[in-house]
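J.: take a look and give me a structure for this.
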Amino acid sequence: MARQAQTATAVLGVLSIGPATGYEIRQAVANVLGHFWHESFGQIYPCLTELEADGLVLAAPGERANSRRYEITAAGRARLKMLLAEPPSPQPPRNGTLLRIFFGRAASPAELATVLDTQETEARARLATFAAIRAELATEAAYAEHVPYWSATIRAGELAAEAQLTWVAETRAALLPPATLPTS
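T.: Here you go, the predicted model:
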């Protein structure tokens, strides 16, 4: 699936839950999907223009000046269904932590410990965030039909964070045994 189609999938997906302004779509992508999907804000507005031109969304004036509220059409729902059936495009990995560990022989034990400490802190923060989201979902009666799907993505995030914590502990043990002292 090409990048443009993936942007359309994200935008149409947000609109399938309910009408939204471009700003609200940006917020949903950043705050909700942002736990597992990053979308360039520079892609959202051109995508909305294209989706409107293709009859996949309708736009009406929003509550604020120069604001437009978008709603998915039946054709947009059909297109979303087609996009969701396509296999996702593989994304080349870019992991700064693994890059630092891979070349870690050139770093000091203290520098490696800092990298691992940061990963541990971030993984624990993600687990706390997912716990808060899971608690909030338990009260979302208006979106009950979406909750099983949202819960599945939250669980993937939880498992990834738990795996990150396991990896940090194993890597600390392998690379930074207690008897190792920093070299001068």
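J.: name the nearest residue to Ser151, ignoring sequence neighbours.
T.: Nearest residue to Ser151, sequence neighbours excluded (CB to CB, 6 or more residues apart in numbering): Leu137, at 6.4 Å. Quick note: C-beta positions are derived from backbone N, CA and C, even for glycine.
J.: swap in Glu39?
T.: Here the nearest residue to Glu39 in space, its sequence neighbours aside, is Val29; by CB to CB, 6+ apart that works out to 4.6 Å.
J.: I figured that neighbour hits Tyr45, correct?
T.: No. Between Val29 and Tyr45 there is no contact under CB atoms under 8 Å: 11.8 Å.
J.: so between those two, which is more surrounded?
T.: Val29 (22 against 15; other CB atoms under 10 Å).
J.: report the contact partners of the residue most central in space within the chain.
T.: By CA atoms, centre = their mean, the chain has its centre lying nearest to Phe36, at 2.3 Å. Contact criterion CB atoms under 8 Å, 6 or more residues apart in numbering gives Thr153, Ala156, Gly157 as the residues in contact with Phe36.
J.: again with Gly76
T.: Each residue near Gly76 by CB under 8 Å, 6+ apart is listed here: Leu12, Leu15, Ser16, Leu51, Gly55, Leu56, Val57.
J.: before we move on, the earlier item: just the ones of the contacts of Phe36 in strands?
T.: When strands are assigned by DSSP state E, not one member of the contacts of Phe36 lies inside them.
J.: between these, which is nearest Thr114?
T.: Proximity of the contacts of Phe36 to Thr114, judged by CB to CB, is greatest for Gly157, which lies at 24.2 Å.
J.: give me the number of residues near the closest one?
T.: Other residues within reach of Gly157, judged by other CB under 10 Å, total 16.
J.: same thing with Ile154?
T.: By other CB under 10 Å, 19 other residues sit near Ile154.
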